[in-house]
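**Student:** Pasting a predicted model and its sequence here:
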Amino acid sequence: MTSPFSNAAPSLHKAGYSVIPLVANSKKAFVQDWSKYCKTRMSVGDIKSYMKEANLNIGVTLGKASGIVAIDFDDDLDG
């Protein structure tokens, strides 16, 4: 069985995105210090080593490494 990380990480990385492995069925980072991958992308060798894990989810970081920015607005208004 291949994981979402194994299926998608190589092509996303090749497309220029910074990918990180996530805990299975979660949005929690599998790696410590994951935020460094907002500035620099994980090496191909590291990606290949995580691809050996049986069941990891995949995340794409925001920031310079992926060229993605998100803005989240919250307000106190009742809808």
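**Tutor:** Perfect, I can see it now. Residues are numbered from 1 along each chain as shown.

**Student:** can you pull the pLDDT of Leu77?
**Tutor:** Looking at Leu77, its pLDDT reads 80.

**Student:** ditto for Ala54
**Tutor:** 82.

**Student:** Could you say which helix or strand holds the residue sitting nearest the centre point of the chain?
**Tutor:** In the chain, the residue lying closest to the centroid (CA atoms, centre = their mean) is Gly59, at 2.5 Å. Assigned by DSSP states H and E, Gly59 falls within strand 56-60.

**Student:** Can you give the contact residues for that strand?
**Tutor:** Contacting residues not belonging to strand 56-60 are listed as 3-9, 12, 17-27, 29-30, 34, 50, 66, 68 [CB atoms under 8 Å, 6 or more residues apart in numbering]. For every residue, glycine as well, the C-beta is placed using N, CA and C.

**Student:** Find out how far that strand is from the centre of the chain, if you would.
**Tutor:** Mean-position distance between strand 56-60 and its chain equals 5 Å (CA atoms, centre = their mean, to the nearest Å).

**Student:** mind checking which helix or strand Ser49 is in?
**Tutor:** Residue-wise, Ser49 maps onto helix 44-50 under DSSP H and E.

**Student:** What is the burial count for Tyr37?
**Tutor:** By the criterion of other CB atoms under 10 Å, Tyr37 has 21 neighbours.

**Student:** and what of Ser3?
**Tutor:** Neighbours around Ser3, by other CB under 10 Å: 20.

**Student:** try Lys52
**Tutor:** The burial count for Lys52: 9, using other CB under 10 Å.

**Student:** now Thr61
**Tutor:** Neighbour number of Thr61 under other CB under 10 Å is 22.
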